[in-house]
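> Task: produce atomic coordinates for the following.
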Amino acid sequence: MGGVRSSLRPSQRRSRRSCVVELRLLSSFELFDDGARVALPMSGQRLVAFVALHERPLRRDYVAGSLWPDTTDQQAAGNLRSTLWRVRRLSSALLDASGQRLQLGADVLVDFREAERLAWRELDGSAANGEPCDQRVFASDLLPDWYDDWVLLERERFRQIRLRALDVLCDRHARAGRISQALEAGLLSVAGEPLRESAHRGVVRVHLSDANTGEALRQYRLCRKLLAEQLGVEPSEQMRQLVAGLERVETRR
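Purely as a prediction, here's the structure:
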């Protein structure tokens, strides 16, 4: 599966306008070929997603054994051949099946890989001096309704990256005085994992920077409630320090 970082092939960095095939794996599986939606059977979707989640050419026997583990090698190879034939009949440029290895075609754009690239630009600081990206690309999980082990592992890896990128964007926008964008990033991070205290802290800081003490307290109390009910723990000292004294002020009002 993909490593901690991803490096897109140059062809994958092309704009949507010049891309022949667009593969969407965030929120749900969708495929477009020259702008037209392509409906793949589930076996074809699993094959395409498996190849797309690896950034190296894959041996056919590895793909067959991974996707059809409960069959013989001969049956798995036959399943792969028939599935590959169906996929390429519907979208000829989607998969490169030359030789004994499979990989995505040269003109395939994958939304998951683009979102991952943008997230790493925020996390490593290379985007700090440029225009912030559209943070809504970090709002969705990878194939959330799929339960294959190879999807679960990659989904969790990407989830951690995208939520951390949202935390960075929340802080970046807040420092620049872009309160609405900061709140959007912070709340997207909270929605992605309501039990991440760091996301709640980011939202509290944004409210405080905008002198909205009531909203800051509301977010703190929500965090405290969730942590108590779901984990049986209290907010950290770091979180408590953020709102120290605010509840007394609120009571006097």
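> so what's the residue lying closest to Glu22 once chain neighbours are set aside up against?
Excluding the flanking residues, the one nearest Glu22 by C-beta to C-beta, 6 or more residues apart in numbering is Phe32, at 4.4 Å. Quick note: C-beta positions are derived from backbone N, CA and C, even for glycine. By C-beta atoms under 8 Å, 6 or more residues apart in numbering, Phe32 lies in contact with Val21, Glu22, Arg24, Val38.
> again, only using 10 Å
Residues in contact with Phe32 (C-beta atoms under 10 Å, 6 or more residues apart in numbering) are Arg16, Cys19, Val20, Val21, Glu22, Leu23, Arg24, Val38, Ser91, Leu109.
> What separation do you get for Gln241 and Arg196?
When distance is defined by C-beta to C-beta, to the nearest Å, Gln241 is 18 Å away from Arg196.
> Compare these two (neighbour count), which wins?
Using other C-beta atoms under 10 Å, the more surrounded residue of Gln241 and Arg196 is Arg196, with 19 against 11.
> still on that earlier bit, any idea how far the residue nearest to Glu22 lies from Val108?
Phe32 sits 10 Å away from Val108, going by C-beta to C-beta.
> Equivalent analysis for Ala52, please.
The spacing between Ala52 and Val108, counted by C-beta to C-beta, is 8 Å.
> on that earlier part again, quick check on the contacts of Phe32: which are buried?
Cys19, Val20, Val21, Glu22, Leu23, Arg24, Val38, Ser91, Leu109 (16 or more other C-beta atoms under 10 Å).
> Quick check: mean pLDDT of the helix or strand harbouring the fourth one?
By that I understand Glu22. Secondary structure assignment for Glu22, by DSSP states H and E: strand 21-24. Averaging pLDDT along strand 21-24 yields 96.
> Hmm, Ala64 and Gly78 touching each other?
Yes - between Gly78 and Ala64 a contact is recorded at 8.6 Å, counting by C-beta atoms under 10 Å.
> which of these two has more neighbours?
Ranked by neighbour count (other C-beta under 10 Å), Gly78 and Ala64 place Ala64 first, with 25 against 14.
> what's the pLDDT at the more buried one?
pLDDT, Ala64: 97.
> which residues touch it?
Shown in contact with Ala64 (C-beta under 10 Å, 6+ apart): 47, 58, 71, 73-81, 83-84, 102.
> Quick check: of those residues, which lies closest to Asn129?
Leu58 (37.7 Å; C-beta to C-beta).
> Ramachandran coordinates for the closest one?
Leu58 has phi and psi values of phi -110, psi 140 when expressed as degrees, to the nearest 10.
> hey, what's in contact with both of Gly78 and Ala64?
Residues touching both Gly78 and Ala64 (C-beta under 10 Å, 6+ apart): Thr71.
> returning to what we had before: next SSE after the strand holding Glu22?
strand 30-33.
> Averaged pLDDT, that next one. What do you get?
Across strand 30-33, pLDDT averages out at 97.
> Direction included, what does it pair against?
strand 21-24 (antiparallel), strand 36-37 (antiparallel) (DSSP bridges).
> Show me what counts as buried in stretch 144-157.
Using 16+ other C-beta under 10 Å as the test for burial, stretch 144-157 gives Trp146, Asp148, Trp150, Val151, Glu154, Arg155, Arg157.
> wait, stretch 34-50
Judged by neighbour count (16+ other C-beta under 10 Å), stretch 34-50 contains these buried residues: Val38, Leu40, Ser43, Gly44, Gln45, Arg46, Leu47, Val48, Ala49, Phe50.
> I'm done for today, thanks for sticking with me.
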